[in-house]
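1. Give me the fold of what follows.
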Amino acid sequence: MVLVDQIPWHEMDVDGSLTTVIADPYWKEVETALRQTLYKMRFIPSDLVLPPYILLPRVLKDPSFRDFGIKIQENIARTDSHNDIISHFYIKQFETMEDLEKLNPSDLCADTAREQEIWEEAQRIFEGIAPTRWQGIVLHSGMWDNVSQWLGVEECYYMLLDEPELIHALLNRMTDIMLKWIDQGNAQGLFDTASTICHCSHTLVKPFSETPDPLPGTSANSWTFGMAQLFTAVSPDVTKEFELPYTSRLFEKFGNVYYGCCEKLDDRLDLVASLPHVRKVSCSPWSDPDRFAASLPQHLVMSFKANPALIGAGDMDAVRENLQGAIDAARRENRRLEIILKDISTVQYHPERLTEFGKLALEMVQS
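-> The predicted model follows:
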C-alpha cells in the first residue's frame, strides 16, 4: 500500500474546499474530517480505504485522560505561526519516588448523555445520505512519549544510567494505570473497530461486506500502537529492560499491534517480534531498509516510512531513490511492504508536492 497522512493542512487549502462552515466544535471536527478525506481523494493519489458510513468520534467525560493528570512544563519555539508543529524543551518533573504521586489520571469514561444527543442529531443530519457508526478510541501505548515530555529527552538518558529504579517505578505505575483504562474501555465498548486506521496505517482485515455489523468495541477486537522513539540512541539491551516488560503487559490485551514510529529498529527486530500480537513494524528514515528487511520475521509487515524531509525540500529524485531502496529490499527478502508518508511538518506551501509523491510512489509499486 501507499498511504499519506499527518499532512500540514494549513498549507493545503488551494481551492477553499478545506474551509469549514460549522461553528459547533464537535460537528466542526466531523466536517473537517470529511473535507480532508475529499481533499485526499481529489489531490493525493494513494491507497485510501473509505468505510461506507460516517464516523462519529466518541465523546469522553475527560478527553485529557491520556495526560495522566500531569501538566507538561515546557518552553516552545515556532517558525510558522500557522503550523501546530513546534519545537519543545521539556522541564524535568520527576526527581524522587514521591513524585510518582503526581500521576493522578482521570478515568476513561464516555459522556453518555452528550453521546445520546449527538447520535440523535446524526440521524437527522445524515438520514438518506449514509449510515453512522461510533469511532472508538485507539489507545497510544507508547509510554516513552509521555516520559520524555515529563523529564526531557536528555534527562531520560541520564536517568536510565543513574536512576534506573525510579524509571522502572514510573513505568510500572504507568502500566498499571493503562491496564485500568483498558478494563474501563472494555466495560464500555470504547475501543475503535470502525475506522480501519491505526497510526496512519490501514488495518482493514475483511471486506466491509463481510462485516456489516460493528464489532464490539473491546481491546481484543481493536488495534493499539506502541513505540519508544528516543531508544534509537540506546542499546537493544536497554530496550529489552525498559520497554518490553511493560509494553508486553499492554499488548496482551489487544488483538493487533502496530509497533514503532521514528526510532531505528533494524538492530532489535527480534525483540519487537517477541511482543504480543505485533502485526506491523515501522521502518523509519533512521533504519537501514536492507538490514530491516533481512531481519524482519516473515509474518510481519514492513511499514516503510518515506522520508518527509525530502518532500519538504522538493527533491523528487531523492524521493525516488528513497522509495526504490525500500522496494528493492522488500522484494529481495520477500517481505510484505507498505509505504507511508507521514510526519509531514511542511511542504513549504507547495501542496502539489504531495500529488507528485503519490503519483510517483504508486507508479513505482505498480511497476
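2. so residue 344, which of the three states?
-> Per DSSP: H, G, I helix; E, B strand; the rest coil, the secondary structure class of residue 344 is coil.
3. pretty sure it is touching residue 308, no?
-> Yes. The pair residue 344 and residue 308 qualifies as a contact (C-beta atoms under 8 Å) at a distance of 4.6 Å. Every C-beta, even on glycine, is put in place using the N, C-alpha and C of the backbone.
4. Give the rounded mean pLDDT of the longest helix seen in the chain.
-> Under DSSP state H, the helix in the chain containing the largest number of residues is helix 164-188. Confidence for helix 164-188, expressed as mean pLDDT, is 98.
5. same check, this time on stretch 272-290
-> Per-residue pLDDT over stretch 272-290 has a mean of 98.
6. Kindly report the same for stretch 237-246.
-> For stretch 237-246, the per-residue pLDDT averages 98.
7. buried stuff in that stretch?
-> Residues 238-239, 242-244, 246 are the ones in stretch 237-246 that count as buried (16 or more other C-beta atoms under 10 Å).
8. Among these, pick out the one closest to residue 57, please.
-> The closest of those to residue 57 turns out to be residue 246 (C-beta to C-beta; 28.1 Å).
9. residues contacting that closest one?
-> If you count contacts by C-beta atoms under 8 Å, 6 or more residues apart in numbering, residue 246 has them with 143, 171-172, 174-175.
10. Identify the residues contacting the most centrally placed residue in the chain.
-> In the chain, the centroid-proximal residue (C-alpha atoms, centre = their mean) is residue 199; its distance is 2.7 Å. Residue 199 makes contact with 138, 225, 258, 261, according to C-beta under 8 Å, 6+ apart.
11. can you count the residues close to residue 164?
-> By the criterion of other C-beta atoms under 10 Å, residue 164 has 13 neighbours.
12. can you tell me how far it sits from residue 342?
-> From residue 164 across to residue 342, the span is 33 Å (C-beta to C-beta, to the nearest Å).
13. Check residue 14 too.
-> According to C-beta to C-beta, residue 14 and residue 342 sit 21 Å apart.
14. okay, these two: which has more neighbours?
-> Each of residue 14 and residue 342 has its neighbours counted (other C-beta under 10 Å); residue 342 has more, 18 against 12.
15. I'd say that one and residue 6 touch.
-> Yes. Between residue 342 and residue 6 a contact is recorded at 4.3 Å, counting by C-beta under 8 Å.
16. can you give me the helices in the protein?
-> 25-43, 112-126, 143-151, 153-162, 164-188, 236-242, 244-251, 269-273, 289-295, 308-313, 316-333, 352-366.
17. would JSON lines of those helices with distance to residue 82 be doable?
-> Below are the helices of the chain laid out as JSON lines (distance: least, C-beta to C-beta, whole Å):
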{"stretch": "helix 25-43", "distance to residue 82": "15"}
{"stretch": "helix 112-126", "distance to residue 82": "30"}
{"stretch": "helix 143-151", "distance to residue 82": "23"}
{"stretch": "helix 153-162", "distance to residue 82": "26"}
{"stretch": "helix 164-188", "distance to residue 82": "34"}
{"stretch": "helix 236-242", "distance to residue 82": "37"}
{"stretch": "helix 244-251", "distance to residue 82": "36"}
{"stretch": "helix 269-273", "distance to residue 82": "37"}
{"stretch": "helix 289-295", "distance to residue 82": "34"}
{"stretch": "helix 308-313", "distance to residue 82": "15"}
{"stretch": "helix 316-333", "distance to residue 82": "25"}
{"stretch": "helix 352-366", "distance to residue 82": "17"}
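18. So for residue 207, which of the ones you listed sits nearest?
-> Closest to residue 207 of the helices of the chain, according to C-beta to C-beta: helix 25-43, at 19.5 Å.
19. how about the closest one as PDB, C-alpha atoms only?
-> Output of helix 25-43 as PDB, limited to C-alpha atoms (Å, rounded to 0.1, in the frame of the first residue of the first chain):
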ATOM      1  CA  PRO A  25     -16.800  22.200  18.000                       C
ATOM      2  CA  TYR A  26     -17.900  18.600  17.700                       C
ATOM      3  CA  TRP A  27     -19.600  18.800  14.300                       C
ATOM      4  CA  LYS A  28     -16.700  21.000  13.100                       C
ATOM      5  CA  GLU A  29     -14.400  18.100  13.800                       C
ATOM      6  CA  VAL A  30     -16.700  15.800  11.800                       C
ATOM      7  CA  GLU A  31     -16.900  18.300   8.900                       C
ATOM      8  CA  THR A  32     -13.100  18.800   8.900                       C
ATOM      9  CA  ALA A  33     -12.500  15.000   8.700                       C
ATOM     10  CA  LEU A  34     -14.900  14.700   5.700                       C
ATOM     11  CA  ARG A  35     -13.400  17.700   3.900                       C
ATOM     12  CA  GLN A  36      -9.900  16.400   4.400                       C
ATOM     13  CA  THR A  37     -10.900  13.000   3.100                       C
ATOM     14  CA  LEU A  38     -12.400  14.500   0.000                       C
ATOM     15  CA  TYR A  39      -9.300  16.600  -0.500                       C
ATOM     16  CA  LYS A  40      -7.100  13.500  -0.300                       C
ATOM     17  CA  MET A  41      -9.400  11.800  -2.900                       C
ATOM     18  CA  ARG A  42      -9.000  14.700  -5.300                       C
ATOM     19  CA  PHE A  43      -5.400  15.700  -4.900                       C
END
